[in-house]
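Student: build me a model:
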Amino acid sequence: MEKQYTAKLSFLRQAPRKVRSVGDLIKGLPVNEAEAQLIVQTRRPSKVLLKLLRSAVANAKNSKTVDPQHLFVSSVRVDGGPMLKRMLPRARGSASPIQKKMSHVTMVLGVNEKLKSRFTIVPPKKTKLPPGEDVRSKTKKPKTPEKEAPRSKQTPGFWKRRFGRKVVGE
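Tutor: Numbering: from 1, shown residues only. From the prediction side, this is the model:
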């Protein structure tokens, strides 16, 4: 009997037809290639399926009986879930129905000892910045906020000039 590791996702708020089309892309691929395929995809279900794939791999790793490099995507089953039924108002008091569909996704990973991984995906490591350093600017923020010099009363602002109490021209 072949070992299988599953991960399930219920009540995904995406139509089964759309999720199924992305799931069919990775069926039969080794885990590393399937992960690479989902990372490159720009379609909306790919992020969710990537998370589900990583969850299934984590399930296999926790059993400690299989090497993750020998895993492949055995099947991806996408079933329809419940529908939220809404109405859209139309002309002359009528309404047209809207069906907001949901999906139930089941991913099954199989084990193939002959499988060789062509490459590995290394996620970037997260590093903690020292306090006072900003992620975006890569510069240190001042520890004490500098107070601005008070504005001089040279010229009034735009709104004061435009809507001042004095009438111009008298």
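
Student: going by C-alpha atoms from here, please, whenever you check contacts or count neighbours.
Tutor: Will do.

Student: mind listing the strands for this structure?
Tutor: Listed in chain order, the strands of the chain (DSSP state E) span 4-12, 71-80, 84-89, 95-100, 103-111.

Student: could those go into CSV alongside mean neighbour count?
Tutor: Listed next are the strands of the chain as CSV, based on neighbours: other C-alpha atoms under 10 Å:
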stretch, mean neighbour count
strand 4-12, 17
strand 71-80, 21
strand 84-89, 11
strand 95-100, 12
strand 103-111, 22
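
Student: nearest to L29, out of these?
Tutor: Closest to L29 of the strands of the chain, according to C-alpha to C-alpha: strand 71-80, at 5.6 Å.

Student: ok, which of the strands of the chain comes nearest R20?
Tutor: With C-alpha to C-alpha as the criterion, R20 lies closest to strand 71-80 of the strands of the chain, at 5.8 Å.

Student: what does the closest one contact?
Tutor: Where contact means C-alpha atoms under 8 Å, 6 or more residues apart in numbering, the residues beyond strand 71-80 that reach it are 15-16, 19-20, 23-24, 26-31, 34, 57, 101-112, 115.

Student: hmm, try it at 7 Å
Tutor: Residues outside strand 71-80 that contact it (C-alpha atoms under 7 Å, 6 or more residues apart in numbering) are 16, 20, 23, 26-31, 102-112.
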